[in-house]
Each structure stands twice: as C-alpha cells, then as structure tokens.
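Engineer: just to be clear, the model below is a prediction. Sequence and coordinates:
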Amino acid sequence: MTNTSFKFEKSNRSLFERLFEPPEVGRMSPAANVVAHILLVLWTIFVIFPIYWVVITSFKDAAAVNQGPFYVPFLDFQPNLDAWRAQFNSDANCDIPSILRQVGLLFYNAFVFVVSPVVTLQPMEPQICKIYLAFTNSIVVSFAATAICVAIGSMAAYALARVQYKPKFGNIMMFVLLTLLVILATSFAGIPWWLSSAVGLAMFFFLVRALGKHFKRTLGNGDILFWIISQRILPPIVVIIPIYIMFQAVGLLDTHLALILVYAVANLPIVVWLMHDFFVNLPIELEESAQLDGASRFAVFWDIVLPLTRPGLAATTLLTLILNWNEYLFAVFLATSKVQTMPIMVAAKNAGEKGVFWWEMCAIIVVMIIPVILMAILLQRFIAKGVLLGAVKG
Amino acid sequence: MASVVPKVPVRFDKVQKYFGAVKVLEEFDLDVAPGEFLVLLGASGSGKTTALRILSGLETATGGRVLIGDRDVTHILPKYRDISMVFQSYALYPHKTVAENIGFPLKVRKIPQAEAEVAVRDAAAQVQIEQLLDRYPRQLSGGQRQRVALARAMVRRPSVFLMDEPLSNLDAKLRGHMRAELKHMQATLGTTTIYVTHDQIEAMTLAHRVAILEKGVLQQLDTPAKIYNDPANLFVAQFIGSPPMNVVHGSLEGSDFKTGGSTVKVGVAGRVAKGILGVRPEDCSVVAPAKGHIKGTIYTTELIGDHTLVTVETERDKLTVKASKDFNGKQGDAIGVLMPKDHLFVFDAETGQRIR
C-alpha cells in the first residue's frame, strides 16, 4: 500500500508536472513563464517599433526613404541631419534673439490670459521658424485648455456626485421654447438681441414662478450626467462650421483664446464623466465628517476630496492633455496661420506638390511626442494606488 | 483642562422623517438632559442612525423640530451646530497625519497655529496617542484609529458629541477596553453625548439613560436598570437581556396565567385571551417535575462556566433557565420550571403592551 497519489518529494514528479505545474501558489509554472515572456517581448517590439521608425526616419534623406525600407542606421543607410536642419535653419529669422523674443511673448500671453481672458493676445511672430511657433502654440493652447477643462470639469463632476438636482422637465422645455422665440424675434422681427434676450429671460422667470409648480416630471443627476456625456457622442465635425462662424463674428479666429475655449469645452464631458466616477466612489463619511468639523463645501472639495482623487485627477489631466495636444480638426479650421499647432504642421508635410516629406514629418513628430512623454513621467508618480488606505476600515 | 465645558440639553420635538414613501421616524420625541450620556438602542432599520443624522444635520427632518440648547437647529447647516461626531468607520482623512486629522476642526475654524498645536497635544494626550502624531492613519491599528477619531471629535470642545456605533469595528477585547475609556472620558468632560448602538451591553454599561427604538417609534426611555427590571412592552423585554427573556404563550384569567395544562400565579389581574408570560432565565429555576409551575423535558443543556443554561421544551414553548454549573440533567429528562410570582411580566400578545 504505497501512497502514490501524493508527491511530496520533488523527485517523485515527472518532467511534465515540473514544467506545467507552478512551484507554489501565486507563481507561474516554468512553461507558462516562458510563453508569457515571449509574448511580452513580441508585444514590446510591436509597441516600440513605430517610435523607433519615426526616430530613424527623421535622420534619413529622400533617397534613404524612397529606396528603402532601411532599418538600421549606419549599416543600411547613412543618417544625416537634413530633415532637422530644414526645421531650424531654413528660416533666416530663426536665431537666438528671435527665439528669446518669442519666449517673452509666450510669458506675456500667459500672463495676459490669466489676468483678463478677453484682452487680445499678442500674436506670435509668424516669420520665426515654423516649428518653434507651432510648438509654443501647442504648449499654450493645450496646457491652458487642459487646466480650464479639468478645473471646471472636476467641480461639475463633484457637484453631480454629491448634490441632488431636480430640474423640472417642463421648465427646461419652457426655456428651450423661449430661446427659440428670442432667436426668431431677433432674426426676423429685427428686435435688438439684448432686448429680446432680456424680455425672454424675464418671461422665463415669470412663467417658472407661475407654472413651475404644476410640472410634475423632474430630471435627476443621472439625466444631467448623460446629457453632458451625450455632447461627446456627436462627432465634432457637425459643429465645426457653426463654431467657425461664431468665432468669426466675435473676431477671435486664429487666436489662442479661440482654440483654448473650444478645446476646453470639447473635452469637458470626458473630464466630468471620468471624475464623476472617482468622486462617487469616495467614502461619503469623510466628507460628512469634514462638514461636521466645520468645513465649507469648497473646503471639503479642496482639502479632502481632491487629494483623495489625485490618481484619478492625474490620469484625467494626462488624457485631456494628450487629446488637446493631438487635436487636429478644430485647429485646422480655427487656426489659419498665426496659431497653427503641431498636428497641423505634421499634416502640412503631407500636402506639398513635391510629394510627402516623410523625413521632415518624422522630425516634427519626434519634437511633438517629447512633451507628452515628459508629462506622462511627471504625472505617473501621482497615479499610484492605495491613497484611501486607512480611511474607513477598522 | 476640562474647565469650561458647555453642558447643553438636546431636544427632538415630534421629529418625522420620510425617505420617499418610507417612514423612518414617526413623531419622535426625546429630551436629553445637559451632560447626559444617552444611548439610542435598536436593531438595524429602527431609525436610530437616522435620528442621529438628523441631529447632526446630515439629514433634514421631514417634520418637527430639533433643538440644541435653546436654539432651533432644524434647518441649520451641520457646521453651525457645534457638534462633533465619531463615525463607525472612523472617517479619518487618509492623506493627513494624525496631528493634522485631530487639528482639522481647528484649521477650518482658523484657530491660530500655536493655540491649535496645544489643543491637539492635549486631545492626543487624553486618548494616549501623543507618540503617534506624525503617523498616517494607514499605519495605525483599529484601536489607535478609534482613538484618533475620538481626539478629533473632542479637540474643539463641542457642546454635543454624537457617536454612531463607534466600537463595532473593534475586536471583542478592545471593545470592552474602549467602552470603559469612553465612559470615563464622557464623565470627565461632562459633554452631552448621544450614542447609537445595536449592542445592548454597550447600551447598558455606558448610558445614563437608554432610548429603545423600533420601527421609528420610541419604545422606552429610562435608566438601564429600569429598562431591564421594568420593561414597558414585550419588544423591550425581549430586546434587553442575554439570553433574552422567556416567553410563555397562554391566556390570563384573573391572576392565573394558563398555558397548556399548567397554571401560573401572576402578580397582576386581568382577562386576556392571548397573553404572553415573560420571565428572565435567571429568575426561574429548574426543579423536579412535580414541583414546577410548568412541566417539560430537557431540550439541551449548555455549560457556560459559572452557570448552565438549560433549555426546557414545554407543550407550547421553549424556555431557557439558568441553573447551577453542576446541573446534570440529560436531554429528554422530564423536568419542572419554577416561576416566582414577583419576577413575572404579562403582556398582551396582540399589542405587545405590558399588563400591569
């Protein structure tokens, strides 16, 4: 009577078992280990290769690109700096003093933007080398838009997560109807817009007081949230012409402010949606406790809620930044010359009569991906887990 | 230190609370004396936590008034009520150190830093966590977190303490220890305290007075001793006591309570077709079958240590009787239960009301 079904000694196990059974709970078997690592290596190559390709292409010349494909610098082809020189040296104005002047303008614009967003920003100098102009434009537009978007979006998301709103359906319909009437009155009856809006607003408040209590159907926070998200379901292309005409009317075409506003609004739904999820999942006792301790709603948000959602906030900021950084459609309509951003510059290399300048395009792309990688490294420190540890468990 | 402690009364005046169509509190009246330690006791869903949250301002009453001192606070924001609360989950701010946690109520009130530091040290000393001030909540044990929550609640000397099952996340031994400390602290500070729990031991040991709630209705408000010895109705009688009070179903005819074939003499007189006779396990005793008021057989016996619990199966009910530790009856043995007249309670089975 030997106990063959139990194999306590390693020597009792067959080669097959040793290969395919994990050595202990929570680890992988040797065979699985090998397979996993092979897959990981393949996937890494798959991910890294495009970046590698962009970098080496930026050091190729026309011949190396057109007669290729060549994969290894110095062996397959001789790398040179033609593409890079074309970005920085083709323009006589691209010297140190003009770059410094540009940096000064950048800070001036940033300052003016904070102090008073309606003041017209100083245009960047279009004659300076284009890549520098596009780079600073991209930085100003995407960072400002991201800051505005995350600030407004997270506050809206918090409000939707913690305050119960019950707008009456009838009141909303009434507002829509009155808005239509105001538009009709202004466009067809020739009534000045300020007069018709004032009358419309007054009528709205009067009607809400008079009729509001008779409306029974109300909407909830879920409806509001869905409405906000639904704004992102439509592709932006359907609103681009109205937006173009709007900015034309107020004379903001080809300004930083136009791009910043449009980008911030376009990404607001995403920020609200993502942050709402983080806020809803915070233990509410923390906020209740802070309220009882005497904190105002803003203090609760600033001092308790925001630090606890820092990982979510960092991830959302990074995502919004990347979306803004890569945005093309709005930029191509709204930024015709002075405030062109990097994506437009990349695309422009695809539209010459001499064919596609792949090598120059790749040089621009390399410049373009550097800030995003830097931001990702900077923000990933905050995207750490376990922030809530010790909050509400005994 | 505890020199200027405000002692204020708290009053619930016909407070009602509905969540949609669900009635949680109905005409809830409660007077809490200044400096009193009052325990709200009830099963889950009895409305005790809702009452506490209405007092804290985290919920708003549907009807009625809430008064702290002589101020009507029914529609006042929590932060203006001068109360502090200890949550069951402690609700410590995980991104703040212990010192910052305790000092938070002072910080939001813009108390000068130096003054706040002294207050934080004093509060920490009171619950013996001075050496932990630089740690984060995640580095603390459950009992230490509990102490931080207590220190944070008392650092600004509120006029009322609210506690929502503060001990239920601790293990049994620590719970007993913290209970004693809590009682000592409350007696020292003399602050009016309202404490919510479902644990009758906590209620009996801590409270000056216990308020028992069931289905949003106050069942009895009295000292622990009166609650135990003189329950107002069947619910209170069965809720308090471990093991719970025995119930014998039968009918009351004059001062005879008839159940099955047995008759028990009781101290009250009346006529109730469906009555319930209540007797606590320690007040009755097991005797020879012929001598007992009620006859039955032994269902099981449990040795607790200093006594034995004997479960007796009678014609209609099962009774638990406390017997001496050397009781040696066997399962199935015939046995009698002696019920002394002075320790019997009679209730109307339909209304649950005590017949006096």
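Structural biologist: Good, I have the coordinates.
Engineer: pick out the residue nearest the middle of chain A.
Structural biologist: Residue closest to the average C-alpha location in chain A (C-alpha atoms, centre = their mean): residue A:320, at 1.6 Å.
Engineer: remind me which helix or strand that residue belongs to.
Structural biologist: helix A:310-326 (DSSP states H and E).
Engineer: return the set of buried residues in that helix.
Structural biologist: A:310-321, A:323-326 (16 or more other C-beta atoms under 10 Å in any protein chain shown). Where you see a C-beta, it was placed from the backbone N, CA and C, and this is true even at glycine.
Engineer: check stretch B:233-247 too.
Structural biologist: For stretch B:233-247, by 16+ other C-beta under 10 Å, it's B:233, B:234, B:235, B:236, B:237, B:238, B:239, B:240, B:241, B:245, B:246, B:247.
Engineer: hey, C-alpha coordinates of the helix or strand hosting the third one in CSV?
Structural biologist: Read it as residue B:235. Under the criterion of DSSP H and E, residue B:235 resides in helix B:234-239. Presented in CSV, the C-alpha positions along helix B:234-239 are these (Å, rounded to 0.1, in the frame of the first residue of the first chain):
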residue,chain,number,x,y,z
LEU,B,234,-42.7,42.9,25.0
PHE,B,235,-40.3,44.3,22.5
VAL,B,236,-38.2,46.0,25.1
ALA,B,237,-38.4,42.9,27.4
GLN,B,238,-37.1,40.6,24.6
PHE,B,239,-34.5,43.1,23.2
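Engineer: tell me which helix or strand comes right after it.
Structural biologist: strand B:246-259.
Engineer: that next one packs against which elements?
Structural biologist: strand B:262-279, strand B:318-323 (3 or more C-beta pairs under 8 Å, 6 or more residues apart in numbering or on different chains; DSSP states H and E).
Engineer: and the next element down the chain from the shortest one?
Structural biologist: The one in question is strand B:318-323. Using DSSP H and E, the helix or strand that follows strand B:318-323 towards the C-terminus is strand B:334-338.
Engineer: direction included, what does that following strand pair up with?
Structural biologist: When pairing is defined by DSSP bridges, strand B:334-338 lines up against strand B:285-287 (antiparallel), strand B:294-303 (antiparallel).
Engineer: looking at the ones you listed, which is nearest to residue B:192?
Structural biologist: strand B:294-303 (41.3 Å; C-beta to C-beta).
Engineer: give me the residues contacting that closest one.
Structural biologist: B:248, B:259-260, B:262, B:264, B:289, B:308-315, B:318-319, B:323, B:325, B:327, B:329-337, B:339 (C-beta atoms under 8 Å, 6 or more residues apart in numbering or on different chains).
Engineer: what does the longest helix along chain B contact?
Structural biologist: In chain B, with assignment by DSSP state H, the single longest helix is helix B:172-189. Here helix B:172-189 makes contact (C-beta under 8 Å, 6+ apart) with B:2, B:5, B:37, B:126-127, B:142-143, B:146, B:150, B:154, B:161, B:163, B:166-168, B:170, B:193, B:202, B:205-206.
Engineer: just the buried ones out of those, please.
Structural biologist: Judged by 16+ other C-beta under 10 Å, buried ones among the contacts of helix B:172-189: B:37, B:126-127, B:143, B:146, B:150, B:154, B:161, B:163, B:166-167, B:170, B:193, B:202, B:206.
Engineer: near chain A too, which of the contacts of helix B:172-189?
Structural biologist: Applying C-beta under 8 Å from any C-beta of the partner chain to the contacts of helix B:172-189, one finds that B:142, B:146, B:170 fall near chain A.
Engineer: now the first one: how far from residue B:130?
Structural biologist: Right, residue B:142. Between residue B:142 and residue B:130 the distance is 19 Å, computed by C-beta to C-beta, to the nearest Å.
Engineer: same thing with the second one?
Structural biologist: Summarising the geometry, the distance separating residue B:146 from residue B:130, computed by C-beta to C-beta, is 16 Å.
Engineer: repeat that for residue A:263.
Structural biologist: 52 Å.
Engineer: list the contacts of residue B:306.
Structural biologist: Contacts for residue B:306 (C-beta under 8 Å, 6+ apart) come out as residue B:325.
Engineer: and the helices and strands packed on strand B:246-259, which one is worst for confidence?
Structural biologist: Note on the helices and strands packed on strand B:246-259: lowest mean pLDDT is at strand B:262-279, with a mean of 86.
Engineer: now the angle between strand B:334-338 and that one, please.
Structural biologist: Using axes from the mean of the first three to the mean of the last three C-alpha atoms, to 10 degrees, one finds that strand B:262-279 and strand B:334-338 are set 70 degrees apart in direction.
Engineer: which other helices and strands does strand B:262-279 contact?
Structural biologist: helix B:234-239, strand B:246-259, strand B:294-303, strand B:345-348, strand B:354-355.
Engineer: partners of that strand, with directions?
Structural biologist: strand B:246-259 (antiparallel), strand B:345-348 (antiparallel).
Engineer: contacts for stretch A:287-296?
Structural biologist: Contacts of stretch A:287-296 (C-beta under 8 Å, 6+ apart): A:162, A:297, A:299-300, A:303-305, B:56-58, B:77-79, B:81, B:83-85, B:87, B:91, B:93, B:104-105, B:108-109, B:152, B:156.
Engineer: among those, which ones are buried?
Structural biologist: The buried subset of the contacts of stretch A:287-296 - by 16+ other C-beta under 10 Å - is A:162, A:297, A:299-300, A:303-305, B:56-58, B:78-79, B:81, B:83-85, B:87, B:91, B:93, B:104-105, B:108, B:152, B:156.
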